[in-house]
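Novice: Let's see this in three dimensions:
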Amino acid sequence: ALLRRDGHVARRNFPQLLVQNLLQPMMFVFVFGRVMTQSGFLPVEYKSLLLPGIMALSMMISGIQAVALPLIAEFQYTREIEDRLLAPREIEDRLLAPIRIEWVAIEKVAAGMIQALAAGLVVIPVAWLLMGSGVELRLDQVWLFALIALLVAGFAAVTGLTLGSTVNQTQIGLMFTVVVAPLIFFGCVYYPWSALAEFPILQKFVLLNPLVYASEGLRGVLTPQFPHMSLAAVIGALLVFDLALLFLGLKQFRSKAVS
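Specialist: Model prediction:
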């Protein structure tokens, strides 16, 4: 029922969600995948190398925003979880639902995962439209792609839960500067992990970044012709990050909700 209500809110705010999820990936895809390649500064093959990273980035940003920003706003003032975007007669304090508090958080994670998956999948047709010819994607193992996509969406949503239950509203800008921006630039979005071989210390250090495994995993299943990490290592690392962040996020959520 809670997930159905979130779906209702999403439908009522579809134009806003569309712009939020499409604008940034479209700019990245157009600038790096069309302008830079067509002008000759980057090889045409870079289009295919870039696309899985942009997909991972889009999923991460969408999942974090979908879960973290509403939580930060709700916990800041009333410390209540409300359907703020519904009509006044429909507003209901969700913490009064006859379920454990943790299930409210898990529902938010599920809703964030759905939004992250949608944001990631929409990148593929948008990229084909904006990049033009030269994009070569392979999908030999659909089940493996589905598994990695679910793990990436889970990572995005539980990261949003953890940040949303920890960061105050006055620290939103700091959150994106200190946490999200480093995740992006050192997340192997624009380059494969093997490209850091000339920087061995940095190459090992970025293994602490979950976005590395998201980008490399999607690169491994969509563009296996390019260097990528072992998919077994990617799946194992994403599982560890997802479970660890979920545990921390649930703990922080309960602490904020009952304080």
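Novice: what's downstream of whichever strand or helix holds residue 28, the next helix or strand?
Specialist: For residue 28, the element it lies in under DSSP states H and E is helix 14-30. On the C-terminal side of helix 14-30, the closest following helix or strand by DSSP H and E is helix 36-38.
Novice: Which other helices and strands does that next one contact?
Specialist: When contacts are defined as 3 or more CB pairs under 8 Å, 6 or more residues apart in numbering; DSSP states H and E, helix 36-38 packs onto helix 46-77. Yep, even glycine has a C-beta here, placed from its N, CA and C like the rest.
Novice: Mind listing what's buried along the helix or strand following the helix it packs on?
Specialist: Counting by DSSP H and E, the element after helix 46-77 in chain order, helix or strand, is helix 101-131. Of all the residues in helix 101-131, those buried under the rule 16 or more other CB atoms under 10 Å are 101, 104-120, 122-124, 126-127, 130-131.
Novice: Also stretch 25-44?
Specialist: Residues 25, 26, 28, 29, 30, 32, 33, 34, 36, 37, 42, 44 are the ones in stretch 25-44 that count as buried (16+ other CB under 10 Å).
Novice: Kindly report the same for stretch 50-60.
Specialist: By neighbour count with 16+ other CB under 10 Å, stretch 50-60 contains the buried residues 50, 51, 52, 53, 54, 55, 56, 57, 58, 59, 60.
Novice: Nearest to residue 198 among those?
Specialist: Nearest to residue 198 out of the buried residues of stretch 50-60 is residue 53 (CB to CB; 19.0 Å).
Novice: what would the buried residues of stretch 50-60 look like in JSON lines with distance to residue 255 and pLDDT?
Specialist: Below are the buried residues of stretch 50-60 laid out as JSON lines (distance: CB to CB, whole Å; pLDDT from 0 to 100):
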{"residue": "50", "distance to residue 255": "40", "pLDDT": "87"}
{"residue": "51", "distance to residue 255": "39", "pLDDT": "89"}
{"residue": "52", "distance to residue 255": "36", "pLDDT": "91"}
{"residue": "53", "distance to residue 255": "35", "pLDDT": "91"}
{"residue": "54", "distance to residue 255": "35", "pLDDT": "89"}
{"residue": "55", "distance to residue 255": "34", "pLDDT": "91"}
{"residue": "56", "distance to residue 255": "30", "pLDDT": "92"}
{"residue": "57", "distance to residue 255": "30", "pLDDT": "90"}
{"residue": "58", "distance to residue 255": "31", "pLDDT": "88"}
{"residue": "59", "distance to residue 255": "27", "pLDDT": "91"}
{"residue": "60", "distance to residue 255": "25", "pLDDT": "90"}
